[in-house]
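Colleague: any chance you can model this:
(one chain, ligands or ions: 1)
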Amino acid sequence: MSLLFVGHAQVVQSGDENNFYTHDVESWIDYSETSRALGSSTDDFLHSVKLILKLPRIIVLSEYDRLPKKEVKFTRQNIFQRDKFTCQYCGVVFDTKKLNLDHVVPRDKGGKSSWDNLVTSCIVCNTRKSNKMPAEARMFPLRTPAAPRWRPFSTSVQNQECHESWRHFLDLSASQVEMSA
Ligand SMILES: [Zn+2]
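Modeller: Now for the predicted structure:
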């Protein structure tokens, strides 16, 4: 709200069929009044001493000096997430508890613990592959492992309940996840 009032942000209003309108504070006040007169749900309004404003759900910043970090933290959980909790050898989706990480090139053969050498594996496949090279074990990962390019932010939002009007933006980031993973 303060960003809106000092003019550093505008409210994005989603209309029908993926049309979006931006409002500065003046026009948002007008829009709030109209919207209230038309009987929009009362929970959707913020009350101040002088104003009743519709709760902004999406804002666009006019300046943005801190981009979220693009690097995804290298963690066990994020490797599972990159591989969609799917064993990269048998292709079955498992619960985290039943998953392990497998070094594609085993550690004793110089394989590193890195995004491009670790894959999600179920315990059975992990045991079966043991410390063999993929060709030896005849077990190749379903997808060539690589560092994911999604941002932890978008996945953490997606896992939560989200407001209807966010869907357009979050679905968009979901499709980017598909493309870059
Ligand atoms: Zn498996």
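
Colleague: helix or strand for Ser27, just tell me which one.
Modeller: helix 25-37 (DSSP states H and E).

Colleague: buried residues in that helix?
Modeller: Using 16 or more other C-beta atoms under 10 Å as the test for burial, helix 25-37 gives 25, 28, 31-32, 35-36. For every residue, glycine as well, the C-beta is placed using N, CA and C.

Colleague: ok, stretch 11-28 next?
Modeller: Buried residues in stretch 11-28 (16+ other C-beta under 10 Å): 11-14, 23, 25, 28.

Colleague: which residues are contacting it?
Modeller: For stretch 11-28, contacts defined as C-beta atoms under 8 Å, 6 or more residues apart in numbering pick out 4-5, 7, 10, 31, 53-54, 56, 58-60, 165, 168.

Colleague: at 10 Å instead, please
Modeller: For stretch 11-28, contacts defined as C-beta atoms under 10 Å, 6 or more residues apart in numbering pick out 1, 3-7, 9-10, 29-32, 35, 51, 53-60, 62, 164-169.

Colleague: okay, how far is it across that stretch, tip to tip?
Modeller: One end of stretch 11-28 sits 7 Å from the other (C-alpha to C-alpha, to the nearest Å).

Colleague: distance from the chain centre to it, please.
Modeller: Offset of stretch 11-28 from its chain centre (C-alpha atoms, centre = their mean, to the nearest Å): 24 Å.

Colleague: before we move on, what about stretch 49-69?
Modeller: Taking the mean of its C-alpha atoms, stretch 49-69 sits 20 Å from the chain's own mean (C-alpha atoms, centre = their mean).
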